[in-house]
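> Below: sequence and its predicted model.
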Amino acid sequence: MLQIRKSQERGHADHGWLNSYHTFSFADYFDPQQMGFSALRVINEDRVQPGEGFPTHGHRDMEIVSYVLDGALEHKDSMGTGSVIRPGDVQRMSAGTGVRHSEYNASSEQPVHFLQIWIQPSQPGGPPGYEQQHFAPEQLNGRLRLIAAPDGREGAVTLRQDACLYATRLNGAQDVTHVLSAGRRAYVHVARGSVQLNGVPLAAGDGVRVENETTLRLSSAANAEVLLFDLP
């Protein structure tokens, strides 16, 4: 079963310096029917104006993944980590027992456009942690590239949850297939462009809850960038 949520159905907040769309309930946006899906709790699509950002704030007991689409995002945290995340970079911060961090647009001229993803860990607690990996465009073009996984295999960042995150870039006749194991669910998020999922057309910002399906096929794409979550 595919349950589609169109882009315009998401929560939306425009603060001037920040234009944000919320796939699931977040901050002032609350919908009891949209509290997450399996271990996936947050997908926020954020656009932050030059020189602006999120001052230092705290998190705990959450796996936080940042995926930059355009621009550059500067990160600093209480573990002493400092980095700039650009397109192709995948950052994972495990909040664990508690961590504080800030995120700012690293440019004084260009906006930054990114996805922030929260995944609930399989167990609370544990020490905070940080990891960042780069995936070149050719690693995503025409294939599903594993970018986050519980065992960190294939160079993916490591998640403290039995969840796998794949990314792909598709255009034209390119297509990819993902097989779900028995009892597994999936969430598909279209980051940009358009694509068909099992023949169903999707556009940028659309999301799909997938249950009781075996095979997922992404095809008929036009400059699409898609994230696929394989979930318990």
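Nice, thanks for sending it over.

> For the spatially most central residue of the chain, list each beta-bridge partner.
Against the mean C-alpha coordinate of the chain, by C-alpha atoms, centre = their mean, the closest residue is residue 117 at 4.3 Å. Residue 117 has the following beta-bridge partners by DSSP bridges: residue 43, residue 65.

> my read: it touches residue 39, true?
No: contact between residue 117 and residue 39 fails when scored by C-beta atoms under 8 Å: they sit 10.9 Å apart. Heads up, the C-betas are built off the backbone N, CA and C, glycines and all.

> Measure how buried the spatially closest residue to residue 141 that is not a sequence neighbour is and give me the count.
Nearest residue to residue 141, sequence neighbours excluded (C-beta to C-beta, 6 or more residues apart in numbering): residue 169, at 5.0 Å. Residue 169 has 22 neighbours, counted by other C-beta atoms under 10 Å.

> Could you look up the SS state of residue 169?
strand (DSSP: H, G, I helix; E, B strand; the rest coil).

> before we move on, what about residue 227?
On the three-state scheme (three-state DSSP), residue 227 is labelled strand.

> How about the contacts made by it?
Listed by C-beta atoms under 8 Å, 6 or more residues apart in numbering, the contact set of residue 227 reads 67, 115, 117, 165-167, 188-189, 191.

> try residue 217
Per C-beta under 8 Å, 6+ apart, neighbours of residue 217: 175-177, 197-199.

> Please name the bridge partners of it.
residue 177.

> Same question for residue 83.
Beta-bridge partners for residue 83, by DSSP bridges, are residue 75.

> Counting neighbours, what do you get for it?
For residue 83, the neighbour count with other C-beta under 10 Å is 15.

> ok, it touching residue 93?
No: using C-beta under 8 Å, residue 83 is not in contact with residue 93, being 10.3 Å away.

> Which residues are in contact with each of these two?
Here residue 83 and residue 93 share the contacting residues residue 75, scored by C-beta under 8 Å, 6+ apart.

> Run through the residues that contact the closest residue to residue 125 other than its chain neighbours.
Nearest non-adjacent residue to residue 125, counting by C-beta to C-beta, 6+ apart: residue 97, 5.5 Å away. Contact analysis of residue 97 by C-beta under 8 Å, 6+ apart lists 60-61, 125-128.

> Top of those by number of neighbours, please.
Counting by other C-beta under 10 Å, top hit in the contacts of residue 97: residue 128 with 19 neighbours.

> Please, where are all the helices along the protein?
Using DSSP state H, the helices assigned to the chain run over residues 137-140.

> Could you check how far the residue nearest to residue 141 is from residue 225?
According to C-beta to C-beta, to the nearest Å, residue 169 and residue 225 sit 5 Å apart.
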